[in-house]
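Participant: the following block contains a protein sequence and its predicted model.
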2 protein chains.
Amino acid sequence: MAGGVEEVVTERNKKVLLKKYVTGFVEETDMEVVTNDNVRLEVPHGSKGVLVKNLYLSCDPYMRGLMSKLNEPTYIETFEPGSVIRGFGVSRVLESEHPDFKAGEYVWGITGWEEYSLITDTKRLFKVPFTDVPLSYFTGLLGMPGFTAYVGFYEICSPKKGEYVFISAASGAVGQLVGQFAKLMGCYVVGTAGSDEKVELLKTKFGFDDAFNYKKEKSLGAALKRCFPEGIDIYFENVGGAMLDAALLNMRDNGRISACGMISQYNLEKLEGVHYLVRVITKRLLMKGFNIADHFHLYPKFLEMIMPHIMKGEITYLEDRAEGIENAPAALIGLFKGTNVGKQLVVVAQE
Amino acid sequence: MAGGVEEVVTERNKKVLLKKYVTGFVEETDMEVVTNDNVRLEVPHGSKGVLVKNLYLSCDPYMRGLMSKLNEPTYIETFEPGSVIRGFGVSRVLESEHPDFKAGEYVWGITGWEEYSLITDTKRLFKVPFTDVPLSYFTGLLGMPGFTAYVGFYEICSPKKGEYVFISAASGAVGQLVGQFAKLMGCYVVGTAGSDEKVELLKTKFGFDDAFNYKKEKSLGAALKRCFPEGIDIYFENVGGAMLDAALLNMRDNGRISACGMISQYNLEKLEGVHYLVRVITKRLLMKGFNIADHFHLYPKFLEMIMPHIMKGEITYLEDRAEGIENAPAALIGLFKGTNVGKQLVVVAQE
């Protein structure tokens, strides 16, 4: 706008705030949807900020960790009570003082859970590289979860053709893709999920070789023994706790565990104990946590790999869309209850 | 002996047998020392066997795992009730039908807990490469524990100068060396052990920067926080259970855990739960188990690295010697009670 005639635009801005730090299971009442009227939509001169209209917001399990007061700093700042929730989203640039972004462009990355956001920290804001796929894909398949699946599987697990791969929370945003990557590589793939409907999806829609409903198994260890009589080479860990124990009991020599998430633990005040870590020694296992912030330089490589598969229709991708920002809190909480089927996102506005 | 005049030599052979599979804490009565008289000391022709006189036997924590009936095969066969215990040792070859070994040579590797052993599986039998160091070193400093320290520290932890290194069971055969390797590399090194005497040794004899007696700490997590206000880059894990939890709570971003042993767990019927594995994700940690059987090709490289330091007197090495094979069961059990100070070995015969 520098040099132009300035016109102050005001707009309603509906937003989701964290009401207070959360202990135990997160509930809708821990968040609050408020509307600010007559908000001035403008970017301070020289701020390098970007004003965006948010279109899609991504609901991701890691966000639970940012809702509690932590005893020590982590790589992401927690949310502050009274402040807007932040997360990945897809947005349209309305105004920009940043040389990398221009009005009218689409971007994906960290934004606010609100209708309009002024983004001043653009470190995790990226241009949407093409628009011949649904823009919402940049909250999932082509955004953080898809890239997480790519890094967590290819970079952490060093997969080889013919290996036995187990994926927990397998119908979720990350799991559904890891399974398909593993099938593309020629692995034997089994997933677990928390409903018969999801299990059916894994087997019929996502092409998993087998799947089971963990809620219906008496023993997770026995379920894995049944599905993997030869043992597991790669465990893509999204769940933690008892699921990790069961996987440890069934890992093969030199197995790899990609520690992507432990959703079963995020709402617990007292974390579950994992008992079979001795297997890390006796089976010479690798367990590795990762954060895609360390791997963003691989994003172009990821697109190069996945886009041909998408264009040939070889990747199935399932979204669970909540309509309207007022439904965002319930959508986020649904992740922890397992109510979402596929990638959970919130549609804030039409493109 | 092929082509020579055969002379059948008989000898007394005192040996340590496993009496029955062990459950819970191993006791002396789980083993039995028996003497076979008039044992024929000969190697069957064409057997590729090697007859040895055992000089030193190594007591190592992993042996506990081989005393229980396992539900599934592992990379080492368990001991059989009524059969002689096997372990690392240093021996003199009396007779050999194997082209790689000759009578009169010294060897180290897997032998029996007895005065004389007929070794038919020579896969883990190695020539002692030089005799200008005490032969007993090949049960420790230059044998399996020393090589384990080398592989577990350099290959698994990718250490860098200035990093913060924590070692549990730090005065043991492996720990005392890892600490010295870490100091040679310019790391800050803290160890823990189970007596004030051992803690003193760590600080004065082995050159650790700091050390604490875990039995005297109310909170292991708080002890580590005190010793590592900046956090831990490398945890060399010999203990498991609560010690691992405390370490997890204090690991820095991109920390590495070399899972070498979990001695606190080996005698438990019900394994302890480890609660803070979520840190593997939030801190992007690596945890890696290993077995030196996979790394023997590095043994010459290990000798090349360590021998100059030994010759210059830069490596301190402490042995705890039990005299006589009849004292081997008590010596082995002492490892789990923490009675040994330094590398526990058994002197079976004079060189």
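Facilitator: That came in fine, so what should we check first? Since this is a predicted model, take the numbers as computed values, not measurements.

Participant: tell me the contacts of the closest residue to chain B within chain A?
Facilitator: For chain A and chain B, the shortest gap (C-beta to the nearest C-beta) falls at A:Gly273, measuring 1.6 Å. From N, CA and C alone the C-beta is placed, and that goes for glycine too. Contacts of A:Gly273 were listed using C-beta atoms under 8 Å, 6 or more residues apart in numbering or on different chains, and they are B:272-275.

Participant: at 6 Å instead, please
Facilitator: By C-beta atoms under 6 Å, 6 or more residues apart in numbering or on different chains, the contact set of A:Gly273 is B:273, B:275.

Participant: quick one: it from B:Leu271, how far?
Facilitator: Using C-beta to C-beta, to the nearest Å, A:Gly273 is found at 9 Å from B:Leu271.

Participant: apart from its chain neighbours, what residue comes closest to A:Met262?
Facilitator: Nearest non-adjacent residue to A:Met262, counting by C-beta to C-beta, 6 or more residues apart in numbering or on different chains: A:Gly240, 2.7 Å away.

Participant: now A:Gly172, what's its secondary structure?
Facilitator: What DSSP: H, G, I helix; E, B strand; the rest coil gives for A:Gly172 is coil.

Participant: tally up the residues packed near the closest residue to it other than its chain neighbours, please.
Facilitator: Spatial nearest neighbour of A:Gly172, chain neighbours left out: A:Asn238 (6.5 Å); criterion: C-beta to C-beta, 6+ apart. Using other C-beta atoms under 10 Å in any protein chain shown, A:Asn238 has 26 neighbouring residues.

Participant: cool, and the one 5 residues further on?
Facilitator: Neighbours of A:Met243 under the rule other C-beta under 10 Å: 24.

Participant: regarding it, what is its secondary structure?
Facilitator: Classified using three-state DSSP, A:Met243 is helix.

Participant: list the contacts for it?
Facilitator: A:Ser168.

Participant: what's in contact with stretch A:181-189?
Facilitator: A:153, A:159, A:161, A:163-165, A:179, A:207-209.

Participant: would you mark the buried spots in it?
Facilitator: For stretch A:181-189, a neighbour-count test (16 or more other C-beta atoms under 10 Å in any protein chain shown) marks A:181-183, A:185, A:187-189 as buried.

Participant: could you do stretch A:25-41 as well?
Facilitator: Quick answer for stretch A:25-41 (16+ other C-beta under 10 Å): A:26, A:30-31, A:33, A:39.

Participant: with the residues you listed in mind, which one is nearest to A:Val199?
Facilitator: Of all the buried residues of stretch A:25-41, A:Val199 sits closest to A:Val26, with 25.8 Å by C-beta to C-beta.

Participant: next, the distance between the ends of stretch A:312-320.
Facilitator: Using C-alpha to C-alpha, to the nearest Å, the end-to-end distance of stretch A:312-320 comes to 23 Å.

Participant: which outside residues touch that stretch?
Facilitator: So stretch A:312-320 is contacted by A:141, A:180, A:205-206, A:309, A:340-344 (C-beta under 6 Å, 6+ apart).

Participant: list, out of those, those positioned next to chain B.
Facilitator: Among those, not one lies near chain B by C-beta under 6 Å from any C-beta of the partner chain.

Participant: hang on, the earlier thing: distance of the residue of chain A closest to chain B relative to A:Glu114?
Facilitator: 40 Å.

Participant: so what's A:Tyr150 up against?
Facilitator: With contact taken as C-beta under 6 Å, 6+ apart, A:Tyr150 is in contact with A:Phe302.

Participant: please consider this matter closed, and thank you.
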